[in-house]
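Colleague: Quick one: sequence plus predicted model below, questions after.
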Amino acid sequence: MISKYLIQTAVREYPDNLAFIGPNRRLTFKQLDANVNRLANALLDLGINKGDRIGILLRNCAAYIETDFALSKTGMVRVALNYRLGPPDHEYVLNDAGSKVLIYGDEFAADIESMKSRLRSVEKFICLSQKSRQQDHADFYDFNEIVAASSPDDPQIEIDDDDLHALVYTSGTTGNPKGVMITEKAWASVAMNILLNYGPVTQKDIILNLQQLSHGAGYFVLPFFIKGATNAIVEFEPSLVFKTIQQLRVTVLKLVPVMLYKLLEVPDKHEYDLGSLNHIIYGGSPISRHRLVEALGFFGPKLAQLYGQAEIPMCISTLSREDHLLQGSEAELKRLESSGKPNVNVAVKIIDENGQEAETGQMGEVIARGDHAMKGYWRMPEATRETLKDGWVYTGDIGYMDSKGFLFLVDRKKDMIISGAFNIFPAEIEKILIKHPLVNEVAVIGVPDEKWGEAVKAIVVLEPGAKATEKEILDYCKQSGLGFRTPKSIDFLNEIPRNPYGKVDKKSLRQPYWAHFEKDIN
């Protein structure tokens with residue numbers, strides 16, 4: 001199934017349902033679809049064709065969804081930019097993708113102007129604005145004006161399964177971002193997997209998307225839309241989120257763990273009526289077991305975890321609501337540290353260093369395959385061959401499966417520390433350290449060491465007002481049975497740096513220690 005036809009079917013089925021709720025704007029399915037068609041026809045009238053890449057630099061808003069769906073109806077390829085990044089990052093992605101058009105918000109006008117002359121392929125700039133300063137340029141178009149002047153009729157563009165739907169750029173933590181090619185079939189398959197594994201979804205549901213639509217949350221718009229549900233957005237401010245849940249009677253939240261932590265820290269969180277909320281879907285980065293227990297204690301048995309990556313989006317495995325247990329055997333409770341079981345329609349294996357399937361409990365690389373897997377990396381055949389082999393995506397994650405089929409992630413291959421010929425996985429140490437009552441956040445990295453090659457260092461953020469010495473933390477590690485994995489040193493920071501995707505930025509943490517070395521290995 002193609003996303004274009006899924007959209008058309010939903011509009012026919014639920015024309016008067018509320019499709020979108022945002023600050024100062026509400027749209028029914030019929031109203032949203034008319035706007036989508038107008039934008040699609042406007043792009044076609046400007047000479048933009050199926051297969052052309054379209055850059056999108058918008059905050060979460062109705063126009064983002066309208067743009068996303070308009071590209072679905074025309075076969076144009078979305079290149080969504082992370083608005084938390086800066087002009088150099090946008091410039092790289094737009095040039096690498098060969099984007100022909102850039103659709104952007106007025107708040108980014110100055111950034112676009114600063115890099116405009118270096119954008120090699122962009123021919124047309126479309127600004128969601130109130131008469132932007134760039135309107136004097138011949139290649140500038142006002143988003144609202146071109147939409148208002150175009151036909152609301154559905155464009156008759158044929159779309160095929162293997163047509164390119166999106167270039168999803170990786171976060172580039174180990175080099176330049178790579179453009180992950182997602183086909184029409186893959187995009188629709190993600191929607192089906194979400195419905196199969198995070199449903200049921202009905203037309204009474206309201207999902208509050210708290211992440212950027214340009215990334216993880218964007219995959220949830222289509223599946224909820226095709227079931228007649230409402231997509232809602234709000235800027236992430238913890239108290240505002242609680243107020244919105246109460247006022248709109250939100251049923252589903254989509255967020256990342258750091259957002260969940262911030263919600264739990266709201267002093268008056270118990271004062272809000274959260275009775276409508278029945279599902280909280282989280283993922284994108286590791287979550288500590290004790291914070292997960294805290295979340296379950298407050299929200300109840302409503303949490304579900306997803307595991308995926310850009311190369312095989314959103315759906316590799318799921319830790320379901322039913323598997324979020326607070327009572328049971330130690331083996332059952334330990335599953336709170338897992339990433340759940342492989343999703344329906346997804347095959348997952350653990351392979352050893354020889355490429356053979358690992359035994360139960362044996363660590364190895366996680367590989368996965370499904371209809372939603374990437375076609376490859378944009379214009380990077382060698383990188384594609386390294387990651388995509390015989391239909392399997394080699395994730396770069398190290399993990400193991402238990403006897404019941406639960407997937408436990410240990411760490412990223414690239415984060416592994418080699419100290420005295422021993423392989424040490426930072427995540428194993430982080431899981432121990434985060435249990436310390438005075439530790440709020442922790443990140444473990446390898447730093448250069450003359451004797452061992454690399455030494456384990458823990459970067460620790462203490463709880464507000466707490467005090468602890470390096471020796472206290474190191475003694476705790478030794479008493480916890482970490483053995484040779486015990487950090488050699490502890491540094492204390494006020495906060496752990498995160499990249500614009502919300503993940504711990506270990507590259508910047510390592511940089512000061514490796515600054516005088518040619519590579520991050522000793």
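Modeller: Noted; the coordinates are in hand.
Colleague: what about the strands in the stretch 351-500 of the chain?
Modeller: In the stretch 351-500 of the chain, the strands defined using DSSP state E, counting those that start in this stretch lie at 364-370, 376-377, 388-389, 392-401, 407-412, 417-419, 422-424, 439-449, 453-462, 489-492.
Colleague: which one of those lies closest to Glu470?
Modeller: Taking C-beta to C-beta, strand 489-492 is the member of these nearest to Glu470, at 4.4 Å. C-beta here means a position set from N, CA and C on the backbone, and glycine is covered the same way.
Colleague: can you give me the strands for the stretch 201-350 of the chain?
Modeller: Under DSSP E, counting those that start in this stretch, the stretch 201-350 of the chain gives strands at 206-209, 230-233, 252-255, 279-283, 303-309, 312-319, 341-342, 346-351.
Colleague: Spatially nearest residue to Val93, not counting backbone neighbours?
Modeller: Tyr169 (5.2 Å; C-beta to C-beta, 6 or more residues apart in numbering).
Colleague: in the stretch 401-522 of the chain, which ranges drop under the pLDDT threshold?
Modeller: In the prediction, the stretch 401-522 of the chain carries residues with pLDDT under 70 at positions 420-422, 450-451, 501, 516-522.
Colleague: do the stretch 101-250 of the chain as well
Modeller: Applying pLDDT under 70 to the stretch 101-250 of the chain flags residues 130-137, 172-175.
Colleague: let's go with 90 and repeat that
Modeller: Applying pLDDT under 90 to the stretch 101-250 of the chain flags the ranges 129-139, 170-177, 199, 215-217.
Colleague: need the helices for it, in chain order.
Modeller: Shown for the stretch 101-250 of the chain, the helices assigned by DSSP state H, counting those that start in this stretch span residues 109-115, 143-148, 184-198, 218-226, 238-248.
Colleague: And the fourth one, what does it pack against?
Modeller: In other words, helix 218-226. With contacts taken as 3 or more C-beta pairs under 8 Å, 6 or more residues apart in numbering; DSSP states H and E, helix 218-226 sits against helix 3-13, helix 62-74, helix 184-198, strand 206-209, strand 230-233.
Colleague: What is the longest one packed up against?
Modeller: In this structure, helix 184-198 makes packing contacts with helix 3-13, strand 164-169, helix 218-226, strand 303-309, strand 312-319, judged by 3+ C-beta pairs under 8 Å, 6+ apart.
Colleague: Only the buried residues of the shortest one, if you could.
Modeller: This means strand 164-169. Residues of strand 164-169 classed as buried: 164-169 (neighbour count, 16 or more other C-beta atoms under 10 Å).
Colleague: Identify, from those residues, the entry nearest to Thr74.
Modeller: Proximity of these to Thr74 (C-beta to C-beta) peaks at His165, which lies at 11.2 Å.
Colleague: Export the helices of the stretch 101-250 of the chain to TSV and append columns for mean neighbour count and distance to Lys349.
Modeller: Compiled in TSV, these are given as follows (neighbours: other C-beta atoms under 10 Å; distance: least, C-beta to C-beta, whole Å):
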stretch	mean neighbour count	distance to Lys349
helix 109-115	16	43
helix 143-148	17	46
helix 184-198	22	18
helix 218-226	25	24
helix 238-248	17	38
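Colleague: Serialize the ones you listed to a markdown table and add fields for distance to Val79.
Modeller: Formatted as a markdown table, these follow (distance: least, C-beta to C-beta, whole Å):
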| stretch | distance to Val79 |
| --- | --- |
| helix 109-115 | 14 |
| helix 143-148 | 17 |
| helix 184-198 | 14 |
| helix 218-226 | 13 |
| helix 238-248 | 29 |
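Colleague: Out of those helices, the one nearest Ala80 is which?
Modeller: Closest of the helices of the stretch 101-250 of the chain to Ala80 is helix 218-226, at 6.9 Å (criterion: C-beta to C-beta).
Colleague: and the angle from that closest one to helix 3-13?
Modeller: Between helix 218-226 and helix 3-13, the angle comes out at 40 degrees (axes from the mean of the first three to the mean of the last three C-alpha atoms, to 10 degrees).
Colleague: angle of helix 218-226 against strand 303-309?
Modeller: Computed by the same axes, to 10 degrees, the angle between helix 218-226 and strand 303-309 is 120 degrees.
Colleague: Can you tell me what sits against helix 218-226?
Modeller: Outside helix 218-226, the residues that touch it by C-beta atoms under 8 Å, 6 or more residues apart in numbering are 3, 6-7, 9-10, 19, 29, 65, 68, 80, 187-188, 190-192, 194-195, 201, 205, 207, 209, 212-213, 230-231, 252, 254, 281, 313-314.
Colleague: same check, this time on stretch 477-493
Modeller: So stretch 477-493 is in contact with 419-420, 422, 424, 428-429, 432-433, 435, 444, 447, 449, 455-462, 468, 470, 473-474, going by C-beta under 8 Å, 6+ apart.
Colleague: Tell me the buried residues within those.
Modeller: 419, 424, 429, 432-433, 444, 447, 449, 455-462, 468, 473-474.
Colleague: just the buried members of the contacts of helix 218-226?
Modeller: Neighbour counting by 16+ other C-beta under 10 Å classes 3, 6-7, 10, 19, 29, 65, 68, 80, 187-188, 190-192, 194-195, 201, 205, 207, 209, 212-213, 230-231, 252, 254, 281, 313-314 among these as buried.
Colleague: Convert the longest helix along the chain to PDB, retaining C-alpha atoms only.
Modeller: Counting residues, the longest helix found in the chain (DSSP state H) is helix 29-45. The C-alpha trace of helix 29-45 is given here as PDB (Å, rounded to 0.1, in the frame of the first residue of the first chain):
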ATOM      1  CA  PHE A  29      -9.800  15.700   7.500                       C
ATOM      2  CA  LYS A  30     -11.600  17.400   4.600                       C
ATOM      3  CA  GLN A  31     -10.100  20.800   5.400                       C
ATOM      4  CA  LEU A  32      -6.600  19.400   5.800                       C
ATOM      5  CA  ASP A  33      -6.900  17.400   2.600                       C
ATOM      6  CA  ALA A  34      -8.000  20.500   0.600                       C
ATOM      7  CA  ASN A  35      -4.900  22.300   1.900                       C
ATOM      8  CA  VAL A  36      -2.700  19.300   1.000                       C
ATOM      9  CA  ASN A  37      -4.000  19.200  -2.600                       C
ATOM     10  CA  ARG A  38      -3.600  23.000  -3.000                       C
ATOM     11  CA  LEU A  39       0.000  22.800  -2.000                       C
ATOM     12  CA  ALA A  40       0.700  19.700  -4.100                       C
ATOM     13  CA  ASN A  41      -0.800  21.400  -7.200                       C
ATOM     14  CA  ALA A  42       1.200  24.600  -6.400                       C
ATOM     15  CA  LEU A  43       4.400  22.700  -6.400                       C
ATOM     16  CA  LEU A  44       3.500  21.000  -9.700                       C
ATOM     17  CA  ASP A  45       2.600  24.400 -11.200                       C
END
